[in-house]
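Student: Could you work out the structure for the sequence below:
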Amino acid sequence: MNNKATASKKGKPCPDGFENLKVDQLKSLLRKKGLPVSGRKAELIERLRNGSNGGPKPKAWQHSDAKKDLKRALLDPKSPIHKMSIEEIRCSDSRYKQYPKFEIYYKDLKERVADEKKQVQQDNIAVENHLKDFPRSHLNKRGYPHWDDHAAKELLEVDVANKMHTQKTAQEFRDTRDAYKEFPEDVFA
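Tutor: Numbering: from 1, shown residues only. Next up is the predicted model:
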């Protein structure tokens, strides 16, 4: 298989031109950088790309920020990453280029994200079914209404925004609305 077929199959190569070089030329570049020269052409190219920055060895993939950011992108349905080839994704961030096994890591992460989404969906269905089978009572365990879906919550937000609570004592303020009176004085105040 020639390089052009490989490049078109995987998407556009990174603009470093390594795909256009012959194996001898790649080995020469590797020798200049003090890197190993054994392996197939793809391995030599990866070695050049990953060793070209001359920096320290990257963090292990499973603990890297690159993996965390890639996972965030995979979880975001609006991310452009969903329309890109693996090679385009690898070329889109210099951190991805540091990992010779990026393609494997990407496929594995994509699969795990898909499994995670399925699990979340199943959990949401289970919660919905549980709430249908065991609806919560009108009153909480302490004997007064649930605050999160009570009309008093919305009314209080409006009254506080209008600074009505600053004009009266807590007891007087509670007595201004019937919805507030459904809660005990010590809870409302």
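Student: mind checking how far the spatially closest residue to Lys59 that is not a sequence neighbour is from Glu87?
Tutor: Once flanking residues are discounted, Lys59 sits nearest to Asp65: 7.7 Å by C-beta to C-beta, 6 or more residues apart in numbering. C-beta coordinates here come from the backbone N, C-alpha and C atoms, glycine included. Counting by C-beta to C-beta, to the nearest Å, the gap from Asp65 to Glu87 is 21 Å.
Student: swap in Glu157?
Tutor: 51 Å.
Student: Name the residue in those two with the higher neighbour count.
Tutor: Glu87 (18 against 10; other C-beta atoms under 10 Å).
Student: which other helices and strands contact whichever strand or helix holds the more buried one?
Tutor: Assigned by DSSP states H and E, Glu87 belongs to helix 86-92. Judged by 3 or more C-beta pairs under 8 Å, 6 or more residues apart in numbering; DSSP states H and E, the packing partners of helix 86-92 are helix 102-133.
Student: tell me which residues in the next helix-or-strand element following the helix it packs on are buried?
Tutor: Scanning forward in sequence from helix 102-133 by DSSP H and E, the next helix or strand is helix 151-161. For helix 151-161, burial by neighbour count (16 or more other C-beta atoms under 10 Å) applies to 152, 156, 159.
Student: For the helix or strand that comes right after helix 151-161, which helices and strands make contact with it?
Tutor: Once helix 151-161 ends, the next helix or strand along the chain (criterion: DSSP H and E) is helix 170-174. The elements that helix 170-174 packs onto, with contact taken as 3+ C-beta pairs under 8 Å, 6+ apart, are helix 178-181, helix 185-188.
Student: Comparing these by mean pLDDT, which bottoms out?
Tutor: Ranked on mean pLDDT, the bottom entry among the helices and strands packed on helix 170-174 is helix 185-188, at a mean of 83.
Student: Can you point out the buried residues in that helix?
Tutor: Phe188.
Student: Could you give the number of residues near the residue nearest to Lys59?
Tutor: Asp65 has 9 nearby residues by other C-beta under 10 Å.
Student: thought it was touching Tyr96?
Tutor: No. Using C-beta atoms under 8 Å, Asp65 and Tyr96 do not qualify as a contacting pair, with a distance of 11.1 Å.
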